[in-house]
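Fold the stuff below for me.
(one chain, ligands or ions: 1)
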Amino acid sequence: MSNYHIKHLEEYFQVYRKSVRDPESFWEEIAEEHFLWRKKWDKVLEWDFTKPEVRWFGGAQLNITENCLDRHLTTRGNKTAILFEPNDPSEPAQHISYSELHERVGRMANVLKSKGIGKGDRVCIYLPMIPELAVSVLACARIGAIHSVVFAGFSATALATRINDCDCKMLITSDGSYRGAKTIDLKGIVDKALEECPNLETVLVAKRIESDIHMEPGRDHWLQPLLDSAPTDCPAEVMEAEDPLFILYTSGSTGKPKGMVHSCAGYMIYAAYTFKNIFQYREKDVYWCTADIGWITGHSYIVYGPLANGATTLMFEGVPSFPDFGRFWEVVEKHKVNQFYTAPTAIRALAKENLEYVEKYDLSSLKVLGTVGEPINEEAWHWYNNNVGHKQSPIVDTWWQTETGGIMISPIPYVTPTTPTYATLPFIGIQPALMDENGVEIKGNQVSGRLCIKFPWPSMARTIWGNHARYRDTYFSAYENKYFTGDGAMRDAVGYYRITGRVDDVIIVSGHNLGTAPIEDSINEHPAVAESAIVGFPHDVKGNALYGFVILKETGETRNRENLYKEINQQITEQIGPIAKLDRILFVSGLPKTRSGKIMRRILRKIASGETGNLGDISTLLNPEVVQEIIEKAG
Ligand code: WT7
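Below is the predicted model:
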């Protein structure tokens, strides 16, 4: 039992060593003692990073919803599982108990079955942060359907691409959504997306904003009447350990989004185990993660990790700025939140506002503060520590990825001494390595390199949906026998890790992963544009913002630049989403290229961030003269 909940630093080191020395028996013990199985495994781990192939708990059978719901019914039936806090603070919060959630998931699962959904079918979920979202996710898991949640801020084109990539049969959505003072016509976006999705058969529509929407006969159904007439009891589908549980898309540096596939058993164990330790969750605590379930953070640390531990997880529909910038803290006070997990971009945005917004509220319930999504800068770290935690709540800077399924490098609060901007130590079972440019592992401390992981962990993604070769090429080909994260990191004198940022063409804007290629493709589709390149530049709230360098076609040369800029952003908004809009644009006559024709983004990045004094060697460029022109225009 002791290994499940780590309480002091020596214990961490001891358990860590055990998890590395003998990973199989370590994870077997955790699996054995803390989860519910229909059948135990034949083999704990089989792996080969060259293929790559990873199997955890092969031969075992389970259903994750029995671990998240059924097994809590006798001891926690009346405990709040989901605490729903609506967008509008005057609308009452909802306390959904474990037994009620169990029933609601049962009903929803029966509705899915009645519409012909079964094990292995893909169901797309495009919902705002309302209870139906969590219920839909769990209902899919209940019957073995593979959910693919698409963040409800994505555009119609992005939604259609994701529906088609994994061939979803069904879509679950709502009439609309609230976002602060605004309402969003979600169903309108869905209707537009579905023009491009011939194979999608059924749409279930939850009511949230009571708007007048189009319902396509034969295809679209209101959800509530179906739920009302469905039985509450739905037996759990027996799943193999390695069956896919869900697909979640993440941007790549090139090409279309990657549908990362997560499996049932390994994902469950790692999400649950990290949740317990990294948030030091105790039975009566109220835990709140402000992410959207549309991202991996919400999958692992709003839904599966907390529920597998029988926790109370707060689900927030709103935004930090509505009705004013005190909303987060108002909610913390109102529900006496104990663990609070958010993103550096939210902290920076709130830190710009008047301190009264945070000082007004009683935050003494807080015991642990978390951040995720991008490196947290020192200023934001101190603001969070001083004004939210009052130096009493340790900050866990958690580094991980959609691909890793769970937190990989993080302090354990009250166990690991924290240092601002450091994610600190690898979590139990995680074996990081820093690699140099020649593919050699850099040993020792006070070094930096490219961050890899050299041994499998239970919740790693198993493949990219429909494209295993891309999975291998993206993550397992850069360094032999290692998973490459795409991030750079340094390891300090005491072995603490600090993540320095992406080393590939992914830019993290407000904590969202954006690939440069899809944005460039979108810009290039504009009739006046010949070519473009996107780079990130520092932004005090978003972390990074996007800077577009655009070459116009001859026909575009006469166009008004301001209008072009607007049209390009409009096009990006429609094709990718508003998050990918350019903060700055520069129309140029050429882009710095190597002799092999590759754009030298390094130079553009320096120009975009105003560091033109030290551009490095540009003599190898095909067109060095263009650099001067760009610098002058950028002014
Ligand atoms: C990328 C993964 C994991 C959930 C949210 C993002 C960056 C994430 C940190 C952190 C520094 C971080 C990395 C990573 N990142 N957390 N604590 N410190 N960087 O998931 O969209 O898959 O993005 O986010 O660059 O590779 P994601």
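
which SS class is whichever residue of the stretch 151-300 of the chain sits closest to the ligand?
The nearest approach of the stretch 151-300 of the chain to the ligand comes at T297, 4.5 Å away (CB to the nearest ligand atom). For glycine as for every other residue, the C-beta is placed from the backbone atoms N, C-alpha and C. What DSSP: H, G, I helix; E, B strand; the rest coil gives for T297 is helix.

Would you agree it is in contact with G370?
No - counting by CB atoms under 8 Å, T297 does not reach G370; the two are 9.7 Å apart.

Measure how buried the closest residue in space to K352 that isn't next to it in sequence is and give me the count.
Leaving aside its sequence neighbours, K352 sits nearest to V541 (CB to CB, 6 or more residues apart in numbering; 6.8 Å). Using other CB atoms under 10 Å, V541 has 16 other residues around it.

residue contacts, V541?
By CB atoms under 8 Å, 6 or more residues apart in numbering, the residues touching V541 are 345, 348-349, 352, 510.

Which neighbours do T297 and G370 have in common?
By CB under 8 Å, 6+ apart, the residues touching both T297 and G370 are 289, 341.

Just want to check the distance between K284 and T342.
22 Å (CB to CB, to the nearest Å).

Counting neighbours around each, name which of these two comes out higher.
More crowded of K284 and T342, by other CB under 10 Å: T342, with 23 against 10.

Next, M460: secondary structure please.
Once three-state DSSP is applied, M460 turns out coil.

Could you verify my assumption that it touches T404?
Yes - the pair M460 / T404 is scored as a contact, 6.1 Å apart, by CB under 8 Å.

Between those two, which contacts overlap?
With CB under 8 Å, 6+ apart as the test, M460 and T404 both reach I453.

before we move on, back to that, would you mind checking the contacts of V541 for buried ones?
Among the contacts of V541, those buried by neighbour count (16 or more other CB atoms under 10 Å) are 345, 348-349, 510.

Just put those residues in TSV and tack on distance to E240, pLDDT and secondary structure.
Output for the buried ones among the contacts of V541, formatted as TSV (distance: CB to CB, whole Å; pLDDT from 0 to 100; DSSP: H, G, I helix; E, B strand; the rest coil):
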residue	distance to E240	pLDDT	secondary structure
T345	39	91	helix
R348	44	91	helix
A349	44	92	helix
S510	38	92	coil
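
I'd like those laid out as TSV, including distance to E10.
Shown next, in TSV, are the buried ones among the contacts of V541 (distance: CB to CB, whole Å):
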residue	distance to E10
T345	36
R348	36
A349	39
S510	39
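
What ranges does the stretch 451-600 of the chain have for its helices?
Under the criterion DSSP state H, counting those that start in this stretch, the stretch 451-600 of the chain contains helices at 468-475, 516-524, 561-575.

Quick check: which of the ones you listed is nearest to the ligand?
Closest among the helices of the stretch 451-600 of the chain, once you apply CB to the nearest ligand atom, is helix 468-475, at 11.4 Å.

now that closest one: how far from the chain's centre is it?
20 Å (CA atoms, centre = their mean, to the nearest Å).

and the nearest residue to the residue of the stretch 151-300 of the chain closest to the ligand once chain neighbours are set aside, how many residues sit next to it?
Distances taken as CB to CB, 6+ apart put A291 closest to T297, at 3.8 Å, once the chain neighbours are dropped. Applying other CB under 10 Å, we find 23 residues neighbouring A291.

Contacts only, for A291.
297-298, 301-302, 341-343, 372.

Reformat those as TSV; add pLDDT and secondary structure.
TSV is the format used below for the contacts of A291 (pLDDT from 0 to 100; DSSP: H, G, I helix; E, B strand; the rest coil):
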residue	pLDDT	secondary structure
T297	97	helix
G298	98	helix
Y301	98	helix
I302	98	helix
Y341	98	strand
T342	97	strand
A343	95	coil
V372	96	strand
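
Of all pairs in those, which one spans the longest distance?
Using CB to CB, those span at most 13.4 Å, a distance reached by I302 and A343.

Do you have the strands of the stretch 1-150 of the chain handy? List them.
43-48, 53-58, 61-62, 80-85, 94-97, 122-126, 146-149 (DSSP state E, counting those that start in this stretch).
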